[in-house]
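> Got a sequence here, can you model it:
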Amino acid sequence: MVLAAVALLALNPGMAAASPAKPKPAAVPAVAPLPPAEPLPPPKIYLFRGAMGPIFSTGMDRLAEKLTKAGFSADVYEFTICRWIGDRAIASYKEAPAPIVLIGHSMGGLCSVIISEMAAKENIPISLVITIDPAHATDDVPLNVERFINIFLSDSVLGGGNVVAVPGFRGHYASYDLKENSRVSHINIEKSDDIHRQIVDMVTQLPRIPPQIQVDAVPLRYLVPGDTLVELWDSGVRLPVRRGDTMASIAAANRVPLWTLAQSNSLPENATLTPGQSIIVPRHLTPPDAAAAMAAPAPPPAGRK
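Below is the predicted model:
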């Protein structure tokens with residue numbers, strides 16, 4: 001024992017002047033961190049043209065080319081074979097599950113919702129549905145759809161489908177009415193390069209989006225001001241108002257146009273806010289690339305609060 005104590009002092013001379021050592025608590029084994037969630041496989045994308053699609057829905061073909069160039073499996077179909085493609089999509093998912101994306105113009109939008117309903121009966125989720133001026137007869141969005149976006153013209157005779165979700169829907173929902181944009185019509189709305197870019201970005205993000213708790217997702221419904229480029233937010237979120245916040249400062253902090261806050265909250269753009277109240281702000285599930293983000297809105301004119 002004496003030899004052992006001498007050896008310890010030789011290894012650590014400072015121990016000689018130290019007070020008697022106190023017993024150390026038992027070491028707590030470190031908890032191994034959870035492995036990162038495996039990214040989802042690339043989505044399978046099904047695009048659908050409207051009536052006389054090879055003539056009037058050529059934008060769907062252009063979008064498919066851009067998605068394919070980005071490395072995705074994207075095929076374009078006529079809406080007339082909707083249910084047959086739906087059966088194929090369901091069979092493919094059962095064989096090798098992968099996120100399903102459905103994008104349709106005009107009657108193709110109606111088809112996208114029909115396939116979502118078919119998948120719901122098989123308990124198969126649909127990751128993303130985008131309808132572009134769908135037909136008026138389009139059904140409501142079923143519960144198995146995780147993200148739904150409708151870009152439409154409410155005064156359109158050929159389209160104009162103001163699609164809503166079924167009661168109890170808990171996914172992400174956003175509706176954009178472009179009727180005030182004089183440059184947009186039923187036969188060119190699906191050809192927008194800006195909308196195409198955002199769709200490709202959104203599809204690219206899907207495999208990286210972690211499982212979402214949907215309880216805080218607030219539906220968005222916008223009448224987009226004329227000649228305004230639409231930004232495809234996924235849904236809204238409620239944020240608390242802090243002391244000193246204004247509608248303009250919240251819009252600037254979140255890089256969204258002031259008109260979106262006014263419409264989401266049924267408030268004037270210069271509304272007085274009270275600390276503690278909540279404000280609905282549009283959001284992306286994942287932040288967009290800086291190059292794709294909208295510029296911060298201009299500050300309000302002098303004297304406007």
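> For the most centrally placed residue in the chain, list the residues it contacts.
Centroid check for the chain by C-alpha atoms, centre = their mean gives residue 234 as the closest residue, at 3.5 Å. The neighbourhood of residue 234, defined by C-beta atoms under 8 Å, 6 or more residues apart in numbering, consists of 147, 149, 172, 174, 202, 217, 283-285. (Glycine included, C-beta is placed from N, CA and C.)
> where does this protein have low pLDDT?
Low-confidence segments of the chain (pLDDT under 70): 1-39, 208-215, 286-305.
> tell me the domain boundaries of it?
If you go by automatic domain parsing, the domain ranges for the chain are 44-232, 238-305.
> Mind putting those domains into CSV with mean neighbour count?
What follows is these, written out as CSV (neighbours: other C-beta atoms under 10 Å):
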stretch, mean neighbour count
domain 44-232, 19
domain 238-305, 14
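> coming back round to it: list the ones among the contacts of residue 234 that fall in strands.
Within the contacts of residue 234, residues falling in strands by DSSP state E are 147, 149, 172, 174, 283.
> How about the last one: what's its closest non-neighbour residue?
If I follow you right, that is residue 283. In this structure, residue 283 finds its nearest non-sequential neighbour in residue 237, 5.0 Å apart by C-beta to C-beta, 6 or more residues apart in numbering.
> Show me what the one helix or strand that neighbour maps to is packed up against.
For residue 237, the host element (DSSP states H and E) is strand 235-240. The contact analysis (3 or more C-beta pairs under 8 Å, 6 or more residues apart in numbering; DSSP states H and E) places strand 235-240 against strand 172-177, strand 278-283.
> let's go with 10 Å and repeat that
strand 147-152, strand 172-177, strand 220-223, helix 258-265, strand 278-283 (3 or more C-beta pairs under 10 Å, 6 or more residues apart in numbering; DSSP states H and E).
> Adjacent strands (with direction) for the first one?
Yep, that's strand 147-152 we're talking about. Here strand 147-152 is paired, per DSSP bridges, with strand 128-132 (parallel), strand 172-177 (parallel).
> Throw these into TSV and include distance to residue 72, thanks.
Compiled in TSV, the strands paired with strand 147-152 are given as follows (distance: least, C-beta to C-beta, whole Å):
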stretch	distance to residue 72
strand 128-132	12
strand 172-177	20
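> Quick check: which of those is nearest to residue 69?
strand 128-132 (18.3 Å; C-beta to C-beta).
> just the contacts of residue 234 now: which is nearest residue 135?
The nearest member of these to residue 135, counting by C-beta to C-beta, is residue 149 at 16.5 Å.
> if we can go back for a sec, name the residues that touch the strand holding residue 237?
Identification of contacts with strand 235-240 by C-beta atoms under 10 Å, 6 or more residues apart in numbering yields 147-149, 171-174, 212, 214, 216-221, 245, 250, 253-254, 256, 260-261, 264-265, 275-285.
> Could you dump the helices and strands packed on strand 235-240 into JSON lines with distance to residue 60 added?
Shown next, in JSON lines, are the helices and strands packed on strand 235-240 (distance: least, C-beta to C-beta, whole Å):
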{"stretch": "strand 147-152", "distance to residue 60": "13"}
{"stretch": "strand 172-177", "distance to residue 60": "18"}
{"stretch": "strand 220-223", "distance to residue 60": "23"}
{"stretch": "helix 258-265", "distance to residue 60": "28"}
{"stretch": "strand 278-283", "distance to residue 60": "26"}
